[in-house]
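Novice: Here you go, sequence then predicted model.
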Amino acid sequence: MKTLTLFNNKGGVGKTSLGYHLGFMFAELGLRVVLADLDPQANLSTMCVTEDRLEAIWALKPRPTVFGAVERLKRGVGDVDPPVPENVAARISLVAGDLQLSEFEDDLSQQWPKCLDRDERAFRVTTALHRVVADVGSRTGADVAVLDVGPNFGAINRAALIAADFVIVPVAPDLFSMQGLENVGPRLKMWRDHWADRGGRAPALDFELPRGRMEPLGYVVARHSVFAGGAVKAFQRWIDRMPTVYRQSLGLPPQATGLDVASDEYCLGQLKDYRSLMPMAQEAKKPMFLLKPGDGAIGGHQGAVRQAYLDFKNLAAELLSRMNVQRGAW
Ligand SMILES: Nc1ncnc2c1ncn2[C@@H]1O[C@H](COP(=O)(O)OP(=O)(O)O)[C@@H](O)[C@H]1O
Ligand SMILES: [Mg+2]
């Protein structure tokens, strides 16, 4: 199973929505998918299941969520207990998010330096999120896992990124999001190096350590935050800077002069503003590209639905080929 995460320390750039739609498109292409909601805000879970269902999940004991999975480990009375995932659609399993996951942040912070002392529990805690996703992935025979994380450089995200083979950076054409792009590369490098250092000191363990690959595949231009009627020129200026800023952030050689996002190999795609399709999709608990007239996608919306299908299909296929997910699997 290959694991993919969408990461930018700026919120609201469309990470969760993109992860959700990619997960559904991977399944549409025939792959088995795990959606893992590792953001304590649990937005991905809210997109996948109704509020009533989420409330029911959170009321169960033990909680079949990512927090339930680490609760005994956190209390020091056991190890991870990966949950039975929520069946969201054909071939899609959700590891439900949980507001309580934020209580795990302190433990993750404290155990991180202790890995340097070859402390076994430190490795159990630090790799807990990886092991939950890997376990659910192997039980469901998943080909791909999409990990959704919050917009910060905290210890939960560090533990989530260690579990990620590949990283995509969604970027909106605004100052904050571009600043986020600048920050992501150095942070990934730091986490990768620090994990390699720790992994090399691990004692004998009865589980496999994540490789901490965190390979950046590129960026996706998120245009939905461009306000209608705003100064289009200003947005275009930010977009024109993306190839340079991405390369600087990741320490890559500078691009050929005059390269724009459309011809940039690191630009994985440009996400449109799908406007009213997005709230319709959230209401129907379906991806935008599967909306039917019965969901409210009538008239001109059907053309937009078909276009969205092609947009996400192209992006998903591009990602699968860059992640080297074998063609036969899809
Ligand atoms: N391509 C898009 N078209 C229209 N609206 C979008 C699109 N992507 C995201 N949104 C909306 O933008 C808001 C932020 O998206 P979200 O995925 O939650 O971002 P993040 O996870 O980065 O905080 C949400 O209200 C979402 O519905
Ligand atoms: Mg989000």
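Specialist: Thanks, I have it. Ligands and ions are numbered 1, 2, ... in the order given.
Novice: Can you point out the buried residues in the helix or strand bottoming out on mean pLDDT in the chain?
Specialist: Lowest by mean pLDDT, DSSP states H and E among the helices and strands of the chain is helix 232-250, with a mean of 91. Neighbour-count burial for helix 232-250 flags 235, 238, 239, 241, 242, 243, 245, 246, 247, 249, 250 (criterion: 16 or more other C-beta atoms under 10 Å). In short, each C-beta sits where N, CA and C put it, glycine included.
Novice: What number of residues are in the vicinity of the closest residue to the fourth one other than its chain neighbours?
Specialist: Ranked by C-beta to C-beta, 6 or more residues apart in numbering and with sequence neighbours excluded, the top spatial neighbour of residue 241 is residue 178, at 6.8 Å. When neighbours are defined as other C-beta atoms under 10 Å, residue 178 has 21 of them.
Novice: Counting by contacts, list what the strand or helix carrying residue 178 packs against.
Specialist: Residue 178 belongs to helix 175-199 when assigned by DSSP states H and E. The helices and strands touching helix 175-199, judged by 3 or more C-beta pairs under 8 Å, 6 or more residues apart in numbering; DSSP states H and E, are helix 155-162, strand 166-171, strand 215-222, helix 232-250.
Novice: Against residue 199, how distant is residue 239?
Specialist: To residue 199, residue 239 is 38 Å away according to C-beta to C-beta, to the nearest Å.
Novice: Check residue 190 too.
Specialist: Residue 190 sits 15 Å away from residue 199, going by C-beta to C-beta.
Novice: Tell me which of these two has more neighbours.
Specialist: Per other C-beta under 10 Å, whichever of residue 190 and residue 199 has more neighbours is residue 199, with 17 against 12.
Novice: Quick check, residue 167 in contact with residue 7.
Specialist: Yes - proximity of residue 167 to residue 7 meets the contact threshold set by C-beta atoms under 8 Å, at 5.3 Å.
Novice: which residues do these two both contact?
Specialist: Residues within reach of residue 167 and of residue 7 at once, by C-beta atoms under 8 Å, 6 or more residues apart in numbering, are 161, 184, 188.
Novice: Quick check: of those residues, which lies closest to ligand 1?
Specialist: Distance ranking of the shared contacts of residue 167 and residue 7 against ligand 1, using C-beta to the nearest ligand atom, places residue 184 first at 12.8 Å.
Novice: how deep is that closest one tucked in, by neighbour count?
Specialist: Neighbour tally, residue 184, other C-beta under 10 Å: 23.
Novice: Would you confirm that it contacts residue 9?
Specialist: Yes - if you go by C-beta under 8 Å, residue 184 and residue 9 touch, sitting 6.8 Å apart.
Novice: before we move on, the earlier item: could you dump the helices and strands packed on helix 175-199 into TSV and include distance to ligand 1?
Specialist: Converted to TSV, those look like this (distance: least, C-beta to the nearest ligand atom, whole Å):
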stretch	distance to ligand 1
helix 155-162	13
strand 166-171	7
strand 215-222	6
helix 232-250	15
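Novice: Let me know which of those is the nearest to residue 101.
Specialist: When the helices and strands packed on helix 175-199 are compared by C-beta to C-beta, helix 155-162 sits nearest residue 101, at 6.6 Å.
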